[in-house]
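Visitor: Next come a sequence and a model predicted from it.
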Amino acid sequence: MARKTPTINTGSSADISFLLLTFFLLTSNISTEQGIPRRLPPPSDKEEIVDIKERNVLVVQVNFLDEIFVGSGAIPVTELKNVAKNFLLNPNNDPKLPEKEVREIDHMGEYTISKGVISLVNDQSTSYNMYVQVQNELQRAVNEIRDDVSSQYFGKKYDLLDTAFQRAVQKAVPMNISEAPPRDYNQQQ
Amino acid sequence: MARFRKDEKKEVPELNMGSMSDIIFMFLFFFMVITNMRESNIKVTVRPPSATEVQKLEKKSLVATVYIGEPVNAATENTLPPGKVSVQLNDQTIKQEDLAEEVRTWIGQEKEGRSEEDRNKLTFSLKVDKDVQMRYVNTIKSELRTNNALKINYATGKTERK
């Protein structure tokens, strides 16, 4: 004696879901946020003056005209990566380039860590674009060294390593960028 | 003519629309999963610089964003120099005469809204137009640093390595 349940007209459910779909299409932005992550140094009352030997510091200056000076000479931004890489690696143990220190690292054994620090000075009138380009090139130098080290020790690219190994490589190739207080060309005049 | 008329009488077979809604629902769920709502209306135009060594920001809910760039409508927004550059925090452009102070209160608000645990994971993303001078960024950076908001991110587009 079961009665047939009347069929429900589902034709309009497509319309309803279309409506919802368009709503989500309009309110969403798919583009994932990406960028260059950085960590600022923790705040301190007085600027600590760390005694670092001159050979261990690479001073990169960007002036108000977006020109890059390393040491005394101006270089194009495309060169910066190679200069930074050469500085951090010091392949020929040049006495003018940074010292190295042998240290024990987990998973990697003894590794000679460079003591090099890159000091970045920009001007208040430097364009943000150039600043990001410089940061990018420096990051690229470090990333390339990390890639080399990780394929040498673990046989894989750095990005593909497990986090424990990534941390080991990070320890072996630290990213030491210190930012000096900016100059202001316009104020000097 | 007669032949034509004969053809017109043929009926197109009806399509079964039952599965249509399923397909649309699938789309809907796809979009629902990948979307994040636009939380603030952006009042400055930002053309971010592009870089090769970019990383994706992990948790969207733990990101606070500063926008610096040319105002969309220069007449109604706070700008300095007039009509050129605006700084947007939350929903409004701010008066730049006391930029440092505004940024400080904003950092405080952002931190307060989060649980104790999340506060250290909070990332401050700087979305800055590429032609903007560093002075704005420097002020904000030093303010972030003194207020112990150390995780920052320079928002960029992505280009491939040459």
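Guide: In hand now; what should we look at? Numbering: from 1, shown residues only, chains lettered A, B, ... in the order given.
Visitor: ok now stretch A:11-27, how far from the chain's centre?
Guide: Relative to its chain's centre, stretch A:11-27 lies at 41 Å (Cα atoms, centre = their mean, to the nearest Å).
Visitor: is it anywhere near chain B?
Guide: Yes. Under the criterion of Cβ under 8 Å from any Cβ of the partner chain, chain B is reached by stretch A:11-27 at A:11, A:13-14, A:17-18, A:20-21, A:24-25, A:27. For every residue, glycine as well, the C-beta is placed using N, CA and C.
Visitor: List of residues touching that stretch?
Guide: In this structure, residues lying in contact with stretch A:11-27 by Cβ atoms under 8 Å, 6 or more residues apart in numbering or on different chains are B:17, B:20-21, B:24-25, B:27-28, B:31-32, B:35, B:37-38.
Visitor: at 10 Å instead, please
Guide: B:17-38 (Cβ atoms under 10 Å, 6 or more residues apart in numbering or on different chains).
Visitor: among those residues, which are in helices?
Guide: Members of these lying in helices (criterion: DSSP state H): B:20-34.
Visitor: among those residues, which ones are buried?
Guide: B:20-21, B:24-25, B:27-28, B:31 (16 or more other Cβ atoms under 10 Å in any protein chain shown).
Visitor: Can you classify A:V121 by secondary structure?
Guide: Following DSSP: H, G, I helix; E, B strand; the rest coil, A:V121 is assigned to strand.
Visitor: any idea how far it lies from A:I52?
Guide: The gap separating A:V121 from A:I52 is 15 Å, by Cβ to Cβ, to the nearest Å.
Visitor: more crowded one of these two?
Guide: A:V121 (17 against 14; other Cβ atoms under 10 Å in any protein chain shown).
Visitor: Verify the contact between that one and A:V60 for me.
Guide: Yes. Under the criterion of Cβ atoms under 10 Å, A:V121 makes contact with A:V60 at 7.1 Å.
Visitor: Quickly list what's touching both of those two.
Guide: Common contacts of A:V121 and A:V60 (Cβ under 10 Å, 6+ apart): A:69, A:180.
Visitor: Skipping its backbone neighbours, what lies nearest B:M20 in space?
Guide: A:A14 (4.4 Å; Cβ to Cβ, 6 or more residues apart in numbering or on different chains).
Visitor: what about the host helix or strand of that neighbour, average pLDDT?
Guide: Using DSSP states H and E, the secondary-structure element containing A:A14 is helix A:11-27. Summarised as a single mean, pLDDT over helix A:11-27 is 80.
Visitor: Can I get that helix in CSV, CA atoms only?
Guide: The C-alpha trace of helix A:11-27 is given here as CSV (Å, rounded to 0.1, in the frame of the first residue of the first chain):
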residue,chain,number,x,y,z
GLY,A,11,15.6,21.6,-12.1
SER,A,12,16.0,24.8,-10.1
SER,A,13,18.7,23.4,-7.9
ALA,A,14,21.2,24.0,-10.7
ASP,A,15,20.2,27.6,-10.8
ILE,A,16,20.6,28.0,-7.0
SER,A,17,24.1,26.5,-7.1
PHE,A,18,25.0,28.6,-10.0
LEU,A,19,24.0,31.6,-8.0
LEU,A,20,26.3,30.5,-5.1
LEU,A,21,29.0,29.7,-7.6
THR,A,22,29.0,33.2,-9.1
PHE,A,23,29.0,34.7,-5.5
PHE,A,24,32.1,32.7,-4.6
LEU,A,25,33.7,33.5,-8.0
LEU,A,26,33.2,37.2,-7.4
THR,A,27,34.3,37.4,-3.8
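Visitor: report the angle between the axes of it and helix B:20-34?
Guide: Here helix A:11-27 runs at an angle of 20 degrees relative to helix B:20-34 (axes from the mean of the first three to the mean of the last three Cα atoms, to 10 degrees).
Visitor: helix or strand right after helix A:11-27?
Guide: Following helix A:11-27 in sequence order, the next helix or strand is strand A:34-39 (DSSP H and E).
Visitor: Point out the other helices and strands that the next helix-or-strand element following that next one packs with.
Guide: Later in the chain than strand A:34-39, the nearest helix or strand by DSSP H and E is strand A:57-62. The contact analysis (3 or more Cβ pairs under 10 Å, 6 or more residues apart in numbering or on different chains; DSSP states H and E) places strand A:57-62 against strand A:68-70, helix A:77-89, strand A:117-122, helix A:128-153, strand A:177-179.
Visitor: Go through the longest one and flag the buried ones.
Guide: Applying a neighbour-count criterion of 16+ other Cβ under 10 Å, one finds A:128-150, A:153 buried in helix A:128-153.
Visitor: No further questions, thank you.
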